[in-house]
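Asker: Pasting the sequence and the predicted coordinates here, then a few questions.
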Amino acid sequence: MKTMRDTGVLFARSMRHILRSPDTIITVVISPLMIMLLFVYVLGGSIQTGSDNYVNYLLPGILVIAIASGIAYTAYRLFMDIQKGMLARFHSMPVARSSVLWAHVLTSLVSNAISVAVIILAALIMGFRSSAGVLSWLEVAGILLLFTLALTWLAVIPGLTAKTIDGVSAFSYPLIFLPFVSSAFVPTSTMPAAVRLFAENQPVTSIVDAVRSLLNSEPVGYEIWVALAWCIGITVVAYFLAMKAYKRIA
Amino acid sequence: MTDNAIEVKGLYKSFKSTEVLKGVDFEVRRGEIFALLGSNGAGKTTIVKILSTLLKSDGGNASVCGFDVESQPAKVRENISLTGQFAAVDDILTGRENLLLIAKLRGVANAKQTAAALLDRFGLSDAANRRADTYSGGMTRRLDIAMSLVGTPPVIFLDEPTTGLDPEARLEVWKTVKELADGGTTILLTTQYLEEAEQLADRISILHGGVIIANGTLDELKKLFPPAKQEYVIKQPTLEEIFLSIIGSKGDK
Ligand SMILES: Nc1ncnc2c1ncn2[C@@H]1O[C@H](COP(=O)(O)OP(=O)(O)OP(=O)(O)O)[C@@H](O)[C@H]1O
Ligand SMILES: [Mg+2]
């Protein structure tokens, strides 16, 4: 199938962009690692989470931060392709338009999966331990993949519509900020009422809680359904809006 | 099939309140070099974008190689390549990787040889394995044009291909364009340089005020100009003079 082959060729191209961009790798992998080191070795001693291993508590939130900063680069790469005229070049060639967009989406999924894997390895070195079985790990992978997909389609919108590079990055700040006002670092029960209300009802908390329960072999409650609902809901709405924006381009 | 590689009839396009094209008609014959001449903002790029399926017109018909740009865009894309007004190269990739990328997307059988041959032809062999963001403006433009030649499409659009190039690089591009036309490729180029149209084009159309105000070979256009019979020394008008006289501008050159 030509469409699949073209998607593959364009996917290889943007993966190469990532490998050649130290900036991307530092932001996407090194920064979350630094935050993890900071919280575990500097702040962690005084944080009460009710679990004896703070790395275990922290890891899901760090993964969410890594994904949020990773998809900011998806928006950036798409924006640059438009700015540099590469999108117009591809669109004037016998290449399926969906290939051009899906290559970016695929790059986002794969590159984020890689940074998640690297961060889990680092966490293992720092003392992270999980009693989860294969099935739970697969569920974790599934949730994180869905979350990445949701944020990726969300990122496609500013990538396609932003007029300036600042517009592209302005979109990603709130995403990177969300985990800090969630159960990612400390239990929401310690927060003032108003903050707590926000924290408990935004997507990151349900995703982090679900992943944490799965990794710690704790019973997973309704939070996994809330997490899935958020991911699927965001994906559907963002996909619809992104496709609309894409059609407007050509 | 007609003898025309490109047919444009009554093309309209406006952006919000600006009417850019108000009924543009022209034809480009197979294998010829056709120059679309116009000043800044005349709508040259708009026409090229409509013909290369990047933009939809508001009215009229346009076809390339017998395929309608609106209803058969995929067929049109198989027959064209576009070198836009601003170079479109992937500056994180090397020159060679850029060419290989296009070759793979176009399904060229021997991508490696194609890339090597084009690098050689455009004097980029030494820089082939350097990232394109280290290239000079002229090198970038040469790579850009080379990318458009991958897979030898029968119709090539060149939107102001020599803008921003030094005289030597400009001559280089002219030579390439002539070689392509000799090989049977149909070329539509836009330019603001009258000399460029004069040098290269078999036929020239002048786009002004949203319509084609003059159309023909250089000789035909020269006839539109009042003959210089009252002068003691007969001086042939240059295309520039014809252009300025037709659009009624008071060119002070
Ligand atoms: N996307 C757009 N939105 C609004 N106006 C546009 C758009 N694209 C072009 N225009 C307007 O249409 C007119 C024609 O533009 P076009 O780029 O086709 O001119 P051109 O002949 O290529 O000029 P130049 O020689 O400067 O490249 C200009 O007035 C331009 O401002
Ligand atoms: Mg233009």
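Answerer: Structure's in. What do you need? Ligands and ions are numbered 1, 2, ... in the order given.
Asker: Run through the residues that contact the residue nearest to the spatial centre of chain A.
Answerer: Closest residue to the average C-alpha location of chain A: A:Ile67 at 2.4 Å, with CA atoms, centre = their mean. If a contact means CB atoms under 8 Å, 6 or more residues apart in numbering or on different chains, then A:Ile67 has A:112, A:115-116, A:144, A:147-148, A:151 as its contacts. For the C-beta atoms, the positions are set from N, CA and C on the backbone; glycine is no exception.
Asker: ok, of the residues you listed, which come out buried?
Answerer: Burial by neighbour count, 16 or more other CB atoms under 10 Å in any protein chain shown: within these this picks out A:112, A:115-116, A:144, A:147-148, A:151.
Asker: Chain B against chain A: which residues are in contact?
Answerer: Proximity of chain B to chain A, by CB under 8 Å from any CB of the partner chain, involves residues B:52-55, B:74, B:77-78, B:80-82, B:84, B:86-93, B:97, B:101-102, B:104-107, B:131, B:147.
Asker: are any of those residues buried, and which?
Answerer: Buried residues within the residues of chain B next to chain A, counting neighbours by 16+ other CB under 10 Å: B:52-55, B:77-78, B:80-82, B:84, B:86-93, B:97, B:101-102, B:104-106, B:131, B:147.
Asker: From those residues, which land in helices?
Answerer: Among these, the members found in helices (DSSP state H) are B:77-78, B:97, B:101-102, B:104-105, B:147.
Asker: May I see the residues you listed organised as a markdown table, with pLDDT and distance to B:Asp182 added?
Answerer: Formatted as a markdown table, the entries for those read as follows, by pLDDT from 0 to 100; distance: CB to CB, whole Å:
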| residue | pLDDT | distance to B:Asp182 |
| --- | --- | --- |
| B:Arg77 | 95 | 25 |
| B:Glu78 | 94 | 23 |
| B:Glu97 | 97 | 29 |
| B:Leu101 | 97 | 28 |
| B:Ile102 | 97 | 23 |
| B:Lys104 | 96 | 28 |
| B:Leu105 | 96 | 27 |
| B:Met147 | 95 | 21 |
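Asker: Now B:Gly10. Nearest residue, chain neighbours left out?
Answerer: On the basis of CB to CB, 6 or more residues apart in numbering or on different chains, the spatially nearest residue to B:Gly10 that is not a chain neighbour turns out to be B:Gly60, at 3.8 Å.
Asker: now the one you found: how far from B:Leu21?
Answerer: For B:Gly60, the distance to B:Leu21 under the criterion CB to CB, to the nearest Å works out to 8 Å.
Asker: Identify the contacts common to those two.
Answerer: Shared contacts of B:Gly60 and B:Leu21 (CB under 8 Å, 6+ apart): B:11-12.
Asker: And the helices in chain B?
Answerer: Counting by DSSP H, the helices of chain B are B:44-51, B:73-79, B:95-105, B:111-121, B:137-149, B:167-182, B:194-200, B:218-224, B:239-247.
Asker: Can you tell me which of these is nearest to ligand 1?
Answerer: Ranking these by their distance to ligand 1 (criterion: CB to the nearest ligand atom) puts helix B:44-51 first, at 3.1 Å.
Asker: Quick check: closest non-adjacent residue to the closest residue to chain B within chain A.
Answerer: Proximity of chain A to chain B (CB to the nearest CB) peaks at A:Gly85, 3.3 Å away. Ranked by CB to CB, 6+ apart and with sequence neighbours excluded, the top spatial neighbour of A:Gly85 is B:Ala88, at 3.3 Å.
Asker: so the one you found touches A:Gln83, yeah?
Answerer: No. With contact taken as CB atoms under 8 Å, B:Ala88 and A:Gln83 are classed as non-touching, separated by 10.1 Å.
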